[in-house]
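[1] my questions concern the predicted model and sequence given below.
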Amino acid sequence: MSEASRPAHSPRTAFRLVCVASAALLLLVAAWWVWTAVRAVETATQLLAADAATTRLSAAVTAGDRDAATAAGAALAGELSAAADTADDPIWVIAARAPVVGGDIDALRTLLRSLRPLASESTPLVAALASGTWDQSVDLTPLVQDAERARTALAHIDTAPLLPPVGRAVERVRDALEQGVPVLRTAAAVEPLLRALDGPAPTRILVLLQNNAEVRTGGGITGSFLQITSQAGVLTLDAQASSSDFAPRATPVADVPPDLATLYGDVVGRFVQNTTIPADFAVSARLASAWWQSRGGAAPDLIVSVDPLVLAAALQVIGPVQLADGSTLTSGDAIDRLLVEPYRALDADGQTALMQDAAARVFAGLAAAPADPLTWMSALSGPIASGSISAWAADADTQDALSRGLLGGPSARLAAAGPDAFGLWLNDATGGKMDGYLDIDIATTVASCRPDGRADIAVQLTMSSTAPADAAHSLPGDVTGHGMYGTAVGDIGTSVAVAAPPGTFLVSVSKDGASLPVATAVESGRPTSLVRVNLSPGERNEIRFAFVAAEPGAVAPEVVHTPLLNVPDVTAPVIRGCD
C-alpha cells in the first residue's frame, strides 16, 4: 500500500494523539489547581498581613504615635484592597465548586466579599484615629453596617476543614470584627455629641448620675447632677447638686405623658429620683432640665445620663483617683465603693458627699486625660451597648441623630434592635438599695402553630433574690427601704414592664403559672404591660409574658433591657414545636 493510500491516522497515531491530549488536559488541570492554590494562599497571606497591620494600628494609636498609626493604617487599607481585588478572578467561581479545596475557595470568597467595602471605607477612619482627634466629616454609619454584615457572614464559616492559612485568616478577621464592631458602634453613637461640642461657643452640659442599686428604666435613680461647660475643647465643672436638694412636688415639674401615670402612678415628675422612669429619654431630659432650672440652674444644651458603670469604664482609661478621705477609687472597686458600701456605712449626707467627690475627681481626670479615641471607644463600648449612657440635645439636628442611635435612651435602643425586639423595663418598688441582690435571667420562645400564621411569643424572666436570709435585720434601712413603700423589710419589690412591637397582642402574664394583674398602656408607641413582683430573700420566681405577633410570618425576637448591676443572662430565642 502506497503512502498516499494509507489512512490519515492509524490506530497507533490516534492513540498517541489521545495520550498527548490527555497529558495536555492533565497539565491544564494541574496548572488550574496550582493557580487556585497559589491564589488562595496568596489571599490568605494578605488577610493575615492586614490583621497584623490592625494590631500595629491599635498599638500605635494607643501609644499616640501618629506616624506609626498612619503607616499601619495605609498598610491595612492596602492589604485589604489587594485581597479584595482577587475576588474578581473568574477562576474562583469554578474553583468554589471543586472537590478538596472548594470549601477553602468559598470561604475566601465570602471573606473577600465581606471585606471589600471595608477596604475603601477604612481610610477616613484611620486618618481620624491617627490624628488623635475626630474628623466630623467621617460618616461611620456605612462602615458600621458593612462591618456588622461581615461579622454575620463570617460567623457561619466552619474553619475546621479548611487549609491552615485559610482557616487562620477567617478566624483572625472574625476575631478582629468581634472586637472592632463594638468600637465602631460606639464611635458612631458618640459622633453627634462630639459634633455638638466642636463649635467655639460654650456648651452647657447637664450630667445625671444614676444609681443602679435602685433601678429605673434608664438605669437607676437620679442621685446627683453636674453642670459642665465645654468651650474650645476645655471642660469645666460649674456646679453640683444631689437628689436631696430637690423637694418632692405636689404636681409634676413638667408635662408627663398620661400613659406613664397609667403604668407607674403619679410619681413621674414629682420626685427627682424618678427622672429616668420614661422609656423615651427626651421625656427624661425635659424633666431633668425642669428640675435643674427649678433651683436656678441654666437651661442645658446637652443632657447626658451616666451610671457608676460608666465611671468604672472611665477609670480604666484615666487610672485610679484619690478621694477626699485619702482612699483610692479604681475601676475594679468603683461599683462596690459607690453603690454598696456607702449605704451600709454612711448616712445620707455622707453618701451624697462621697458620690459628689468621686464624680468631681473622675471628671478632673477626664479633663486632663489625653484625647485617645481608640482607647476611649474601647472602654465605653460596653456601657454604651448596655444603655448606661443616654443623651439629649437642645439642637434639633443633633437630637435627631442621637434619637436614632445607641445614646438615644431605652426607646431608641429598642428601635435600633429591629422590628421584633421587646423592651424589658425594670423599676424599683422597694424604696431602698436592694437591687444589688437582684438576679435576672431572660429567655424568649416562639411557636408558629396558629391557623392565621401569627406566632405565639413568650418573654420569660427568672427573678431571684440573693439577699441574706436575715436581710430585714442585717441590712441598714437605707438598703431595705424601711418597709415604707409597700415592700416588706428585706424583700425586693420590682415593677416589671415589657414593651412589645406595635400591634402585638398581650395574652397573659403569669408568675409560676398563676395569673397576675396587669397594667397596660401604649408608651412611646409600644403596647406596654406592667406587673409588680415581690422577692423575699432566697426566693425565685418565673414571670411569663405571653403575646401574639402583630402580623403572620416568622419572627426573631430579642430583648433590650434596663442596665442592671448584675448583668442578666439572655438566651437566644427557642423555637417550639406544635403539640
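    Yes, it's here. Not measured: the values here are computed from a predicted model.
[2] let me see the domain layout of this structure.
    Residue ranges of the domains in the chain are recorded as 15-196, 203-403, 417-576, according to automatic domain parsing.
[3] would you list those domains in TSV and tack on mean neighbour count, mean pLDDT and distance to Pro410?
    The way it works is simple: take the backbone N, C-alpha and C, and place the C-beta from them, glycine included. TSV is the format used below for the domains of the chain (neighbours: other C-beta atoms under 10 Å; pLDDT from 0 to 100; distance: least, C-beta to C-beta, whole Å):
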stretch	mean neighbour count	mean pLDDT	distance to Pro410
domain 15-196	17	67	14
domain 203-403	19	91	4
domain 417-576	18	95	6
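[4] in the stretch 201-350 of the chain, which spans are strands?
    203-211, 221-231, 234-242, 302-306, 321-322, 328-329 (DSSP state E, counting those that start in this stretch).
[5] specify the local secondary structure of Val496.
    strand (DSSP: H, G, I helix; E, B strand; the rest coil).
[6] that one is in contact with Leu426, isn't it?
    Yes: here Val496 reaches Leu426: they are 6.1 Å apart, a contact under C-beta atoms under 8 Å.
[7] OK, contacts around the spatially most central residue of the chain?
    Among the residues of the chain, the one closest to the centroid is Ala385, at 2.1 Å (C-alpha atoms, centre = their mean). Listed by C-beta atoms under 8 Å, 6 or more residues apart in numbering, the contact set of Ala385 reads Pro182, Arg185, Thr186, Leu406.
[8] need the three-state assignment for the third one.
    Reduced to three states with three-state DSSP, the structure at Thr186 is helix.
[9] and if you look at Arg172?
    Assignment for Arg172 (three-state DSSP): helix.
[10] how close does Ser465 get to Thr430?
    Separation of Ser465 from Thr430 (C-beta to C-beta, to the nearest Å): 11 Å.
[11] show me where the stretch 351-500 of the chain has its strands.
    390-393, 422-428, 438-447, 454-465, 492-499.
[12] neighbouring contacts of stretch 313-321?
    328-331, 334, 358, 361-362, 364-366, 368-369, 372, 375-376, 379-380, 382-383.
[13] let's see it at 7 Å
    If you take C-beta atoms under 7 Å, 6 or more residues apart in numbering as the criterion, stretch 313-321 is touched by 328-331, 334, 361-362, 365-366, 369, 375-376, 379-380, 382-383.
[14] what of stretch 399-419?
    185, 188-190, 192, 217-218, 279-281, 284, 384-385, 387, 389-393, 421, 423, 425, 499, 501, 524, 558, 560.
[15] now do it: distance to the chain's middle.
    On the basis of C-alpha atoms, centre = their mean, to the nearest Å, stretch 399-419 sits 11 Å off its chain's mean C-alpha point.
[16] what of stretch 310-321?
    19 Å.
[17] what about dumping the CA coordinates of it to CSV?
    C-alpha atoms of stretch 310-321 as CSV (Å, rounded to 0.1, in the frame of the first residue of the first chain):
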residue,chain,number,x,y,z
VAL,A,310,-19.5,54.4,83.1
LEU,A,311,-17.3,55.9,85.9
ALA,A,312,-15.6,52.5,86.2
ALA,A,313,-15.0,52.4,82.5
ALA,A,314,-13.5,55.9,82.6
LEU,A,315,-11.2,54.8,85.4
GLN,A,316,-9.8,52.2,83.1
VAL,A,317,-8.6,55.0,80.9
ILE,A,318,-7.5,57.7,83.4
GLY,A,319,-6.3,55.3,86.1
PRO,A,320,-7.2,55.4,89.8
VAL,A,321,-8.1,58.6,91.6
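[18] before we move on, back to that, Met434: which of the contacts of stretch 313-321 is nearest?
    Nearest to Met434 among the contacts of stretch 313-321, counting by C-beta to C-beta, is Ala334 at 19.9 Å.
[19] can you tell me how far the spatially closest residue to that closest one that is not a sequence neighbour sits from Thr398?
    Among residues not flanking Ala334 along the chain, Ala312 sits closest, at 4.1 Å (C-beta to C-beta, 6 or more residues apart in numbering). Per C-beta to C-beta, Ala312 is found 27 Å from Thr398.
[20] check which helix or strand the residue lying closest to Arg149 once chain neighbours are set aside maps to.
    Nearest non-adjacent residue to Arg149, counting by C-beta to C-beta, 6+ apart: Ser114, 6.8 Å away. Secondary structure assignment for Ser114, by DSSP states H and E: helix 102-131.
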